[in-house]
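A.B. asks: coords please:
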Amino acid sequence: MHSPVAGDRPTRLCNPAPVDARREPRTERSRLNDQTVMSKPNHGPSSAASPQAASDLEGSSVAEAARGRAWPRRMGRAARRGLRSGALALAVIWASGALLHCSLFPRPLAWLLAAVYLAAAGWVWGARRRGRLGRHRAGGLWAGSLVLVFLLLQLIVPSNQRNWVDGQQRLPWVQRDQQRMTLHAVRHCEYRTADDYTVRYDGLQFDRRQLESVWLVVHYFSAFEGLAHTFVSFGYRDDDRQQRYFSISAEVRREVGESFSPVQGMYRRFELMLVVGDERDLIGSRTILRPSDRVYLYRIAASAEQVQVLFDRFAQRMDQLRRRPEFYHTLTNNCTNTIVRQTYSLTPDRINWLDPRIVMPGYSPRLAFQLGLIAKTREGESFEGLQRRARIDPLARELGFGRDFSRQIRRNWQSHDAAGGVGR
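C.D. replies: I've put the predicted structure just below:
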């Protein structure tokens, strides 16, 4: 027997449970029985924990289901907040730009007002974020400021009596004598260079029933494809049965010393006018004198009757602008919007003039092609193929300002005309 010595730890003696030598090996049946017993409710001392565990399990399941249902709501709230913030930011940018480009104030004062407005808008936003301003009060301040800026812009009124640049002093108009049309103030500038030219105005007479064709001209002056100037040309037969053409272009009417800006064009800075001129003037100046620009000429698929109705609409528009001047707007009252509003007689459904391909005029030819407004030179021709044929600026630079200019720039359409295509 071991005698304890110093430093030895006392040893706890335990009696292990006796092993039943006769116990049979566990079988599958016995294991199933054990599981059945364990699954039965225990009414012993530990049974009090079972309801609590079940309650916790049920609570976690409910919370998880609630989180699953709350996720779409949180995303919806976040999306609405994002939209509100984006709309507010755009409104603030518009209002500050309106103050900056407002023609009522001298330039230094306009800069100061725009800076003060931005600073005030930033303060309101910060106070709202910090909880110092309630949502309704902050919204009221923003809405009130936008209304004030809008009303301020309404004090600027359009006019036809300003010091206009050369070539835009006179507004065209149409005199009717039954079917006899007389176009007044038809411009044809004689260009020596882009900056050196002589402006001339003439009258143009023709029988309305001799209007035969209409063409869409697209002038790309920027690397960005969406920026372009669009206008139309009408073809008619004169009294000698010779084919003649004239163009109608909706343009910014600039004062002396002004230059066009798309941004300023959104803030009532420029009047809108229609220029009626010879194709050597309106097309030639954009091709021959601008070697880096691209110009395309598309024939509109229209019958002679539709062409005559379209001309009547443009004549009415000329009269409207002479009697009641309007402001140009880069997005809503530009060159392409003006054309689209007159072409409702050519399509079964009205074209949405707020379509991005209208707001960005450079994309309007593709839209016109999809709507069937542009005549094809070949059956089944794609827009890309038609666009290559429609480009006229290299040919115009080769021709120069010759008297046969209008006929020569239509070379690519002549074979189609001989085959009986739409229009001439």
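
A.B. asks: Quick check: closest non-adjacent residue to R254.
C.D. replies: V165 (5.0 Å; CB to CB, 6 or more residues apart in numbering). (C-beta placed from N, C-alpha, C; glycine too.)

A.B. asks: So that neighbour is in contact with S259, correct?
C.D. replies: No: if you go by CB atoms under 8 Å, V165 and S259 don't touch, sitting 10.0 Å apart.

A.B. asks: Settle it for me: which of those two has more neighbours?
C.D. replies: Taking neighbours as other CB atoms under 10 Å, V165 and S259 compare with V165 leading, 15 against 8.

A.B. asks: which residues sit in contact with the more buried one?
C.D. replies: 254-256, 258 (CB atoms under 8 Å, 6 or more residues apart in numbering).

A.B. asks: doesn't V276 fall inside a strand?
C.D. replies: Yes: judged by DSSP: H, G, I helix; E, B strand; the rest coil, V276 forms part of a strand.

A.B. asks: Is D281 within a helix or a strand, and which one?
C.D. replies: If you go by DSSP states H and E, D281 is part of helix 279-282.

A.B. asks: need the next SSE after that helix, C-terminal direction.
C.D. replies: With DSSP H and E, the next secondary element past helix 279-282 is helix 284-287.

A.B. asks: Grab the CA positions of that next one and hand them over as CSV.
C.D. replies: Output of helix 284-287 as CSV, limited to C-alpha atoms (Å, rounded to 0.1, in the frame of the first residue of the first chain):
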residue,chain,number,x,y,z
GLY,A,284,-22.7,75.4,-98.8
SER,A,285,-21.6,77.4,-95.8
ARG,A,286,-21.7,74.3,-93.6
THR,A,287,-19.8,72.1,-96.1
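
A.B. asks: Give the other helices and strands that whichever helix or strand comes after that helix contacts.
C.D. replies: The helix or strand immediately downstream of helix 284-287 is strand 294-299, counting by DSSP H and E. Applying 3 or more CB pairs under 8 Å, 6 or more residues apart in numbering; DSSP states H and E, one finds that strand 294-299 contacts strand 211-220, helix 364-370, helix 383-390, helix 393-399.

A.B. asks: mind listing what the first one pairs with, with the direction of each?
C.D. replies: Strand pairing for strand 211-220, determined by DSSP bridges: strand 229-237 (antiparallel), strand 294-299 (antiparallel).

A.B. asks: I'd guessed P291 sits against R397; true?
C.D. replies: Yes: between P291 and R397 there is a contact under CB under 8 Å: 6.9 Å.

A.B. asks: Tell me which of these two has more neighbours.
C.D. replies: More crowded of P291 and R397, by other CB under 10 Å: R397, with 14 against 9.

A.B. asks: contacting residues for the more buried one?
C.D. replies: So R397 contacts 287-288, 291 (CB under 8 Å, 6+ apart).

A.B. asks: For R253, see how far away it is.
C.D. replies: R397 sits at a distance of 28 Å from R253 (criterion: CB to CB, to the nearest Å).

A.B. asks: and V149, how far is that from R137?
C.D. replies: For V149, the distance to R137 - CB to CB - is 19 Å.

A.B. asks: cool, F206 as well?
C.D. replies: F206 is 65 Å from R137, by CB to CB.

A.B. asks: Neighbour count: the two, which is higher?
C.D. replies: Taking other CB under 10 Å, F206 and R137 do not tie; F206 has more neighbours (20 against 13).

A.B. asks: In a helix, that one, correct?
C.D. replies: No: with three-state DSSP as the criterion, F206 is strand rather than part of a helix.

A.B. asks: Please list all residues in contact with the residue lying closest to it once chain neighbours are set aside.
C.D. replies: Leaving aside its sequence neighbours, F206 sits nearest to Y236 (CB to CB, 6+ apart; 5.0 Å). By CB under 8 Å, 6+ apart, the contact list for Y236 reads 206-207, 210-212, 243-245.

A.B. asks: ok, 6 Å please
C.D. replies: Y236 sits next to 206, 210-211, 244 when contact means CB atoms under 6 Å, 6 or more residues apart in numbering.

A.B. asks: Out of the residues you listed, which is nearest to L354?
C.D. replies: L211 (29.7 Å; CB to CB).

A.B. asks: any idea how far the closest one lies from Q242?
C.D. replies: 14 Å.

A.B. asks: Can you give me the domain boundaries for the protein?
C.D. replies: Taking automatic domain parsing as the domain assignment, the ranges for the chain are 78-153, 173-418.

A.B. asks: Return the most buried member of those.
C.D. replies: Mean neighbours per residue, mean count of other CB atoms under 10 Å, is largest over the domains of the chain for domain 173-418, with a mean of 17.
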